[in-house]
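In: Sharing a sequence plus its predicted fold:
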Amino acid sequence: MTLRGLYAITDSQLLPGERLPQWVDAALAGGARLLQYRDKSTDVALRREQAQRLKTLCDYYGAALIINDDLALAAELGVGLHLGRDDGSLREARQQLGRNAIIGATCHASLEFAEQSAADGASYLAFGRFFQSVTKPGAPAATPVLLEQARKRYSLPLVAIGGVTLHNAPQLISAGADMLAVVHGLFGTDSAAEVERRARGFSELFARL
Ligand SMILES: Cc1ncc(COP(=O)(O)OP(=O)(O)O)c(N)n1
Ligand SMILES: Cc1nc(C(=O)O)sc1CCOP(=O)(O)O
Ligand SMILES: [Mg+2]
């Protein structure tokens, strides 16, 4: 699958109960290509059930599901994985999930992290945060210039994350982002129709720029 376009990321506080599948359905209907299940709870049964439900939705829309942090759950469902700097070995994850699995790596604002992640077998390199983030205000800051430098150095897909909105998205795509990873700027609304409208807006930017 081509890693380009909107990368939707879930948030358990923004999407409680039935809002999770409904808002995700809207994001996928609006064109999101990747969906990350990001849930920091320790309720294994609930996480398994929710991830399975999201996988069914992704399959329907032809999108790819990525699990945040949890190699065991990704392996159980046969889907992708996103790992941060302290979330375990990317090499081991690649070995376990196989060469075709999508495995993403957090690189913050560091080309050294990017170098290491590329060598360890990452499918994409994620940089951020580019703007003030409601979801993760303490994440280290990155700039579009870094994205331009990474673009020159890597042919791997580049993901931009952190405070991304429809308003600030074009400058990240112009700087070289292949995917925009978005939580609040996509799901932070009380209306599923608005989620779909935003998702379409992001998707159209990739068609245009
Ligand atoms: C696409 C993408 N990029 C970065 C992150 C952040 O991962 P991490 O640093 O491990 O932080 P948590 O998301 O686990 O809080 C991400 N999840 N997705
Ligand atoms: C999970 C996460 N990681 C980040 C990083 O910079 O590594 S920023 C972030 C939160 C993204 O949510 P929002 O779109 O609401 O800002
Ligand atoms: Mg993590």
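Out: All right, it came through fine. Ligands and ions are numbered 1, 2, ... in the order given.

In: for the residue of the chain found nearest ligand 1, what are its contacts?
Out: Going by C-beta to the nearest ligand atom, ligand 1 is nearest to residue 84 of the chain, at 1.9 Å. The C-beta positions use only the backbone N, C-alpha and C, and glycine is treated the same way. By C-beta atoms under 8 Å, 6 or more residues apart in numbering, the residues touching residue 84 are 69, 106.

In: Setting aside sequence neighbours, what's the nearest residue to residue 31?
Out: residue 203 (3.2 Å; C-beta to C-beta, 6 or more residues apart in numbering).

In: what sits against that neighbour?
Out: 5, 6, 30, 31, 32.

In: Can you give me the neighbour number for the fourth one?
Out: Look at residue 31: counted by other C-beta atoms under 10 Å, it has 20 neighbours.

In: Then the second one?
Out: Counted with other C-beta under 10 Å, residues neighbouring residue 6 total 29.

In: Could you do residue 192 as well?
Out: 17.

In: Against ligand 2, how distant is it?
Out: For residue 192, the distance to ligand 2 equals 18 Å [C-beta to the nearest ligand atom, to the nearest Å].

In: go on, residue 151?
Out: Taking C-beta to the nearest ligand atom, one finds residue 151 at 18 Å from ligand 2.

In: what's near enough to touch the nearest residue to residue 102 once chain neighbours are set aside?
Out: Excluding the flanking residues, the one nearest residue 102 by C-beta to C-beta, 6+ apart is residue 80, at 3.5 Å. Applying C-beta under 8 Å, 6+ apart, we find residue 80 in contact with 34, 64, 65, 66, 67, 74, 97, 101, 102, 103, 104, 123.

In: OK, contacts around the last one?
Out: Going back to what we said before, that points to residue 123. 3, 80, 101, 102, 103, 104, 156, 157.
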